[in-house]
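*Asks:* below is the structure, and that's it, no one-letter string:
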């Protein structure tokens with residue numbers, strides 16, 4: 001909490017502001033909205049988000065990624081591994097992912113049936 005008694009959106013961190021990853025639930029459908037970077041410093045939060053989905057009972061899970069400014073290969077890999085481990089009938093819908101995420105998915109995990117990309 002800050003001095004006015006309001007909760008801080010993110011804990012203070014010595015990392016660069018651009019390396020933060022903010023994840024919050026979507027209000028209108030099952031899933032999360034992510035903003036910031038998916039990189040070495042933020043990967044634990046990204047993997048925790050993916051894990052929470054994998055452990056849920058949601059058939060379709062939306063990841064709204066229009067505010068993600070950077071994603072490294074390991075972040076895409078964590079997404080692909082989560083998608084590959086989904087039971088039949090479940091899928092992840094990536095909404096407006098960064099172009100780099102789409103390219104890496106297409107390069108290393110083409111035609112991954114449990115991931116749908118929506119522009």
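*Replies:* Here it is on my side, so go on. Given the structure is predicted, the values throughout are model-derived calculations rather than measurements.
*Asks:* use CA for all of it now, contacts and neighbours both
*Replies:* Noted.
*Asks:* count the residues that sit near residue 50.
*Replies:* Neighbours of residue 50 under the rule other C-alpha atoms under 10 Å: 21.
*Asks:* now swap in residue 94 and tell me
*Replies:* 21.
*Asks:* show the subsequent helix or strand relative to the host helix or strand of it.
*Replies:* Secondary-structure assignment from DSSP states H and E places residue 94 in strand 91-95. Next helix or strand after strand 91-95 toward the C-terminus (DSSP H and E): helix 99-108.
*Asks:* avg pLDDT for the longest strand seen in the chain?
*Replies:* In the chain, with assignment by DSSP state E, the single longest strand is strand 60-71. On average, the pLDDT along strand 60-71 is 96.
*Asks:* what do you get for stretch 92-107?
*Replies:* The pLDDT scores in stretch 92-107 average 95.
*Asks:* report the angle between the strand holding residue 94 and helix 99-108.
*Replies:* 140 degrees (axes from the mean of the first three to the mean of the last three C-alpha atoms, to 10 degrees).
*Asks:* so the closest residue in space to residue 67 that isn't next to it in sequence: helix, strand or coil?
*Replies:* Spatially, and ignoring its direct neighbours in sequence, residue 67 is nearest to residue 35 (4.5 Å; C-alpha to C-alpha, 6 or more residues apart in numbering). Per DSSP: H, G, I helix; E, B strand; the rest coil, the local secondary structure of residue 35 is strand.
*Asks:* what do you get for the one 10 residues further on?
*Replies:* Judged by three-state DSSP, the three-state class of residue 45 is helix.
*Asks:* just give me the neighbour total for it.
*Replies:* 16.
*Asks:* list the helices and strands the longest strand of the chain packs on?
*Replies:* strand 31-38, strand 91-95, helix 99-108 (3 or more C-alpha pairs under 8 Å, 6 or more residues apart in numbering; DSSP states H and E).
*Asks:* tell me the strands beside the shortest one, with direction?
*Replies:* This points to strand 91-95. strand 60-71 (parallel), strand 115-118 (parallel) (DSSP bridges).
*Asks:* name the residues of the last one that come out as buried.
*Replies:* When burial is assessed from 16 or more other C-alpha atoms under 10 Å, strand 115-118 yields the following buried residues: residue 115.
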